[in-house]
Structure formats: C-alpha cells, structure tokens
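*Asks:* predicted model follows, preceded by the sequence.
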Amino acid sequence: MIVVAGETLVDLIVRADVLEPVLGGAPSNTAVAVARLGAAVGFAGAISTDRFGDQLLQRLRAADVDTSRVVRTDLPTSLAMADIDDRGTATYRFYFDGTSVPQLDRVEVGDAAALVTGGLGLVLEPMAGAIEGAIADATIPVVVDVNARPAIIGDLAAYRTRLDRVVARTSVLKVSDEDLEVIEPGEDPDGVARRLVDAGAGVVIVTRGAAYTSIVTADDRVDVPVPALPVDHPVVDTIGAGDTFGAGLVTSLVESGALATSASIPGDALVAAVELGHAAAAVTVTRRGADPPTRAELNI
C-alpha cells in the first residue's frame, strides 16, 4: 500500500460571480488519483467531524482509499479560495487558523510501499512535525511533492531548512519551476534541481507546465514532452493537475517495482512514470475541480 500524508480540505472555486465548493486538498487528491489508477493506497490526515469533513471522508472511501490513518477533529474544515483566471489557472488563498488540517499529530506507515507527502504537510504544525518525523524514521521509499505555497510560509528560512532535511531522505522529489524559485529565488532552475540531487534526493522531477517535465538524476537529465490536449478537450481548470501527475508517477514506479531505497531508479521506468503522470493529468485539466481519471479511462 502507498501511504499519502497531508491535508484534505474544501476548495471554494470562484468563477466570475459564482462560488462553488469542491472537495480537495493536494494529498487527498493524490490519494484519490492513486486509487483510481488501480493501486492500493491509504490516507493519513486530519478531517473535521462537520458536514464538509464527512463529505471529505466519504470521497476518500468512495475511491477505495484506506482511511484507518485518518484523525477526526471537532475543529471546522479548512478552506482554500481558488480564483480561476481565463486560462483555467487557479490562484489560492488559504484559511487554516483554528481549522482541521494542521491537527494531524501522528503518521504511521508500517511496511507501506512508499510514503508520499509534501505541500502544506511541510508547513503547518503540528502536522509538519509529525510528517517530518515519519520521513526521518521511514525505512521505505519517500516521495515528496514540494508544492510550495509562499503565502502561508511564515518563516521562509525555517521552511528551507526543514526542506533540506527532508530532501536528504527523499527517493523521488517532485518540484515545479515555481517551487524552485521559492527554494532558491533568482537562481537558475536547472542548477537548483541539480543541487537538490546533490543534497540527497534520489531523483528530482521538475514539472514545467504544459511544456515538458525534466528527470534529473546524479548522472543525467531527460526532458519528457507534455502531449498537446485534443482540440475538443480544452482546459477547464488546472485544479488537481499536479496532484494527479504525482499520483501517476508514484503508481507507475510502485507497480514496476522500480521504487526502491537500495538502488537508483532505472531511466526507462522514470520516463514511463512521467508519461503516465502526463496522461492522467491531461484528463484532470479537462474537468471541473480535482477529478482524476480511472485507469480504464486512460486505456493504458
């Protein structure tokens, strides 16, 4: 089983003068996407006992995600305001004070195939401490999606220091070009990715929007182009696209047996994993909100 740890929340999607609540949260989206792609997956996160919380829990269970690691709290569900522009790109504002997401205080992984985390799980306390502790203690592969949100990172220096510790124990590190700018502002993105490998990441996967994805290892760099969307399937919004890509990546690596702590991941397995991530994300962006595809929908 793949264990995904982090937040689940409600996205309030703003389009013109319409406000629409959609169930989401990056790690929760990833867990749902992994399940829909056919892999066994469990979710570790704090979920409110309010009505939104019940819906978030039901969403996970409906996708066949194991919820035995979920912590329930009486605090209200955390919210994210997602403002959608004309290109379908979302800009977020988060509401966390006194809410459910940060309340995760323990993460148990056992003999899982991999631990997947990142994003707000590296920022909000006590969740961030619990997740970092699980990474430090892990004897299984760790996959981290940085998914940095500068607006909610109060102390950037402390965040970067924590990220340094996490990177040193990470098998696969997924970053966007925007994440690289947060990690080392003003620096060459390719140079930052290379330094992350030198700092201990087994492989760094750099997503560059709709252009291409770079696979950076100690010995090589390979760029995998993102296929163009069919003209009859335009972008609706990008909510959940990165989460779905990450789900495809880790699902493929676990299925192929390539994700291991004792050896480097073969290049062909990495390319295949990126391609599955691209294919899955390409479906998500044509749908409203984070609605990842099933494996059958991909015909892969």
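*Replies:* That came through fine.
*Asks:* helix, strand or coil for residue 115?
*Replies:* Three-state assignment for residue 115 (DSSP: H, G, I helix; E, B strand; the rest coil): strand.
*Asks:* for burial, what's the neighbour tally of it?
*Replies:* Neighbour count for residue 115, taken as other C-beta atoms under 10 Å: 25. All C-beta atoms are positioned from the backbone trio N, CA, C, and that covers glycine.
*Asks:* and if you look at residue 125?
*Replies:* 11.
*Asks:* start the count at 18 instead of 1 going forward.
*Replies:* That works, and once the first residue is 18, the last one we named lands at residue 142.
*Asks:* what helix or strand does it sit in?
*Replies:* Using DSSP states H and E, residue 142 sits within no helix or strand.
*Asks:* give me the neighbour count for residue 153.
*Replies:* Taking other C-beta under 10 Å as the neighbour definition, residue 153 ends up with a count of 12.
*Asks:* you'd agree it is up against residue 186?
*Replies:* Yes: in this structure residue 153 lies within contact range of residue 186 using C-beta atoms under 8 Å: 6.6 Å.
*Asks:* am I right that residue 104 is in a helix?
*Replies:* No: counting by three-state DSSP, residue 104 is not part of a helix but coil.
*Asks:* give me the below-cutoff pLDDT ranges for the stretch 18-167 of the chain.
*Replies:* 33, 105 (pLDDT under 70).
*Asks:* that one: strands as residue ranges?
*Replies:* With DSSP state E, counting those that start in this stretch as the criterion, the stretch 18-167 of the chain has strands at 19-22, 26-32, 35-41, 58-61, 63-65, 88-90, 96-101, 107-112, 131-135, 159-162.
*Asks:* what lies in contact with the fifth one?
*Replies:* By C-beta atoms under 8 Å, 6 or more residues apart in numbering, the surrounding residues in contact with strand 63-65 are 25, 70, 73-74, 87-94, 116-121, 144.
*Asks:* list the contacts for residue 57?
*Replies:* 18-19, 83.
*Asks:* now the helix ranked longest in the chain: mean pLDDT?
*Replies:* For the chain, the longest helix by residue count, based on DSSP state H, is helix 284-301. For helix 284-301, mean pLDDT rounds to 96.
*Asks:* check stretch 192-206 too.
*Replies:* If you average the pLDDT over stretch 192-206, you get 95.
*Asks:* tell me which residues in it are buried?
*Replies:* The neighbour-count check on stretch 192-206 (16 or more other C-beta atoms under 10 Å) flags 192-200, 206 as buried.
*Asks:* how about stretch 101-120?
*Replies:* Residues 101, 105, 107, 111-113, 116-120 are the ones in stretch 101-120 that count as buried (16+ other C-beta under 10 Å).
*Asks:* pull up the distance across that stretch, start to finish.
*Replies:* 29 Å (C-alpha to C-alpha, to the nearest Å).
*Asks:* please work out which residues outside that stretch touch it.
*Replies:* 24-26, 30-32, 42, 62-65, 70, 88, 90, 92-100, 137, 141-144, 166, 168-169, 252-256, 302.
*Asks:* in ChimeraX, how would I select the buried members of the residues you listed?
*Replies:* The buried residues among the contacts of stretch 101-120 can be selected in ChimeraX (16+ other C-beta under 10 Å) with this line:
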select :24,25,26,30,31,42,62,63,64,65,70,88,90,92,93,94,95,96,97,99,137,141,144,166,252,254,255,256,302
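*Asks:* which residues does residue 240 contact?
*Replies:* Per C-beta under 8 Å, 6+ apart, neighbours of residue 240: 229-232.
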